[in-house]
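A.B. asks: kindly generate the corresponding structure for this input.
(one chain, ligands or ions: 2)
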Amino acid sequence: MPLPAGAGIDDIRSGADAAPGSPLVDTHGRVHRDLRISLTDRCSLRCTYCMPEQGNEWLAKSSILTLDEIVRIARVAAADGITTFRLTGGEPLLRTDIVDVVRRLAAITGPDGRPVDIAMTTNGIRLRELLPALAGAGLRRLNISIDTLRRDRFRELTRRDRLDDVLDGIAAAAASGLRPLKLNAVAMRDVNDDELVELVEFAVAHGAQMRFIEQMPLDAGHTWDRSRMVTQDEILETLSSRWRLTPVPGRAGAPAARWHLDGGPGSVGVIASVTAPFCGDCDRLRLTADGQLRNCLFSTTEYDLLPILRGEAPGGVDEGIDGMLRSCVRGKLPGHAINDPGFLQPVRGMNAIGG
Ligand code: SAM
Ligand code: SF4
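C.D. replies: Numbering: from 1, shown residues only. Ligands and ions are numbered 1, 2, ... in the order given. A predicted model of the protein is given here:
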């Protein structure tokens, strides 16, 4: 979206001072276009790198945003230049009103009159059953997580025996017209690092793009160990034994760097948040299921929208949401600090932040 007539980037550098409807630009000049909306912290799986098996502290049901509240926030965000809403969680398909969430969000248009883009990250369970309705409601793109193709391994890693349901969901997505279709796997040493080639072949056979994610310190159990992490370099080395990899140009703000497989058109992506952070181009904000705005996965500060939505907005609800979006953007640091000795893991696990 262009800057308002007569404005230069310095005029709106401090997001909180900008007028409603102007772009969300942070103090480092990054324009925010992407809002990740976590719909729930609940999940049908218990991936070891994300959630503990038991004893998870769930968000209070009364604090979970209603459909109307989500739509209200999304409308203000779209007016401020957000063009993509990615639905996530927890597992977004556990939300009973998920089709209505997609339908209502897909009806939102930006200041230029164009509809917003609706994407979803899911574990694929329930996708076969829900995909026709989701696509009909306006869902445009899907990322499906699958870390292993082996049943025993899947059960151990996710603590649930649901591989067939995930594979069904991927098959349904492959048969649908939703493209690009992306499959995500967290690469883990001695867990699935012997399956990287197989996973890429599986993705290619389904008309999808495989993306490997470096494991990040975001598990609710706080068990992340740098030495157990499989790095981007290791991933590329493994894949190079099977394909000639050539970088795909034009990454823009995308989290994954991509490589063509044997010259293309197939490609593979790596999200190297730990060894090759891409914070300089980050255009993302996050909204948790309980109404907290976050400017970074790793941030320890949250901007609470609940009081504004539920009755304490003397200047108006939309104005309050807009002000909070701008404060959140203004508070964004140049980068995360995973690699700093003093790094503090956020209290929330990934399932409660929204990946
Ligand atoms: N339940 C959905 C799913 O698994 O796709 C959406 C939520 S999940 C939190 C979103 C993404 O975050 C998944 O691709 C998952 O693999 C990734 N993820 C979760 N914990 C992670 C961690 N500690 N490091 C890297 N990626 C992680
Ligand atoms: Fe659930 Fe996704 Fe976390 Fe796995 S990564 S436990 S599927 S929220």
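A.B. asks: who are the contact partners of whichever residue of the stretch 151-300 of the chain sits closest to ligand 2?
C.D. replies: Using CB to the nearest ligand atom, Thr158 is the residue of the stretch 151-300 of the chain that sits closest to ligand 2, at 6.2 Å. For the C-beta atoms, the positions are set from N, CA and C on the backbone; glycine is no exception. With contact set as CB atoms under 8 Å, 6 or more residues apart in numbering, Thr158 has these partners: 45-48, 147.
A.B. asks: closest to Pro115 among those?
C.D. replies: Using CB to CB, Leu45 comes nearest to Pro115 of those, at 31.6 Å.
A.B. asks: now do the contacts for that closest one.
C.D. replies: Taking CB under 8 Å, 6+ apart as the criterion, Leu45 is in contact with 51, 91, 123, 125, 158-160, 162.
A.B. asks: who wins for neighbours among the residues you listed?
C.D. replies: Neighbours here mean other CB atoms under 10 Å. Within those, the largest count is held by Asn123, at 27 neighbours.
A.B. asks: just the pLDDT at it, thanks.
C.D. replies: Among the per-residue scores, Asn123 holds a pLDDT of 98.
A.B. asks: quick one: stretch 344-355 near ligand 1?
C.D. replies: Yes - judged by CB under 6 Å from any ligand atom, stretch 344-355 and ligand 1 are in contact via 350-351, 355.
A.B. asks: what comes up buried for that stretch?
C.D. replies: Within stretch 344-355, the residues that qualify as buried by neighbour count (16 or more other CB atoms under 10 Å) are 345-346, 348-355.
A.B. asks: how about residues contacting that stretch?
C.D. replies: Surrounding stretch 344-355, the residues in contact under the criterion CB under 8 Å, 6+ apart are 36-38, 41-43, 49-52, 56, 59, 88-90, 121, 216-222, 224, 286-289, 294, 297-300.
A.B. asks: run the chain-centre distance for that stretch.
C.D. replies: Stretch 344-355 has its C-alpha centroid displaced from the chain centroid by 12 Å (CA atoms, centre = their mean, to the nearest Å).
A.B. asks: do the same with stretch 294-303
C.D. replies: Averaging C-alpha positions (CA atoms, centre = their mean) puts stretch 294-303 14 Å from its chain's average.
A.B. asks: tell me which parts of the stretch 1-150 of the chain are close to ligand 2?
C.D. replies: Counting by CB under 6 Å from any ligand atom, the stretch 1-150 of the chain sits next to ligand 2 at 43, 45-47, 50-51, 89-91, 123, 145.
A.B. asks: out of the residues you listed, which comes closest to Thr109?
C.D. replies: Closest approach between those and Thr109, by CB to CB: Gly89, at 25.5 Å.
A.B. asks: tell me the contacts of that closest one?
C.D. replies: Listed by CB under 8 Å, 6+ apart, the contact partners of Gly89 are 38-43, 95, 289, 351, 354.
A.B. asks: change it to 7 Å
C.D. replies: By CB atoms under 7 Å, 6 or more residues apart in numbering, the contact list for Gly89 reads 38-41, 43, 351, 354.
A.B. asks: show me the residues you listed that map onto strands.
C.D. replies: The strands in this structure, assigned by DSSP state E, contain Ser38 from the contacts of Gly89.
A.B. asks: any idea which of the contacts of Gly89 is closest to ligand 2?
C.D. replies: Here the nearest of those to ligand 2, counting by CB to the nearest ligand atom, is Cys43; it sits at 3.3 Å.
A.B. asks: how much space between that closest one and Gly355?
C.D. replies: Here the distance between Cys43 and Gly355 works out to 11 Å (CB to CB, to the nearest Å).
A.B. asks: for ligand 1, what's the nearest residue on the chain?
C.D. replies: Among the residues of the chain, Gly355 lies closest to ligand 1, at 2.7 Å counting by CB to the nearest ligand atom.
A.B. asks: how about the helices in the stretch 51-200 of the chain?
C.D. replies: 67-79, 98-106, 127-137, 151-158, 163-175, 196-205 (DSSP state H, counting those that start in this stretch).
A.B. asks: ok, the residue in the stretch 101-250 of the chain that ligand 2 sits nearest to to Thr96 distance?
C.D. replies: Residue nearest to ligand 2 within the stretch 101-250 of the chain: Asn123 (3.7 Å; CB to the nearest ligand atom). With distances defined as CB to CB, the gap from Asn123 to Thr96 amounts to 17 Å.
A.B. asks: on that earlier part again, what's the pLDDT at the residue of the stretch 151-300 of the chain closest to ligand 2?
C.D. replies: Reported pLDDT at Thr158 in the predicted model: 98.
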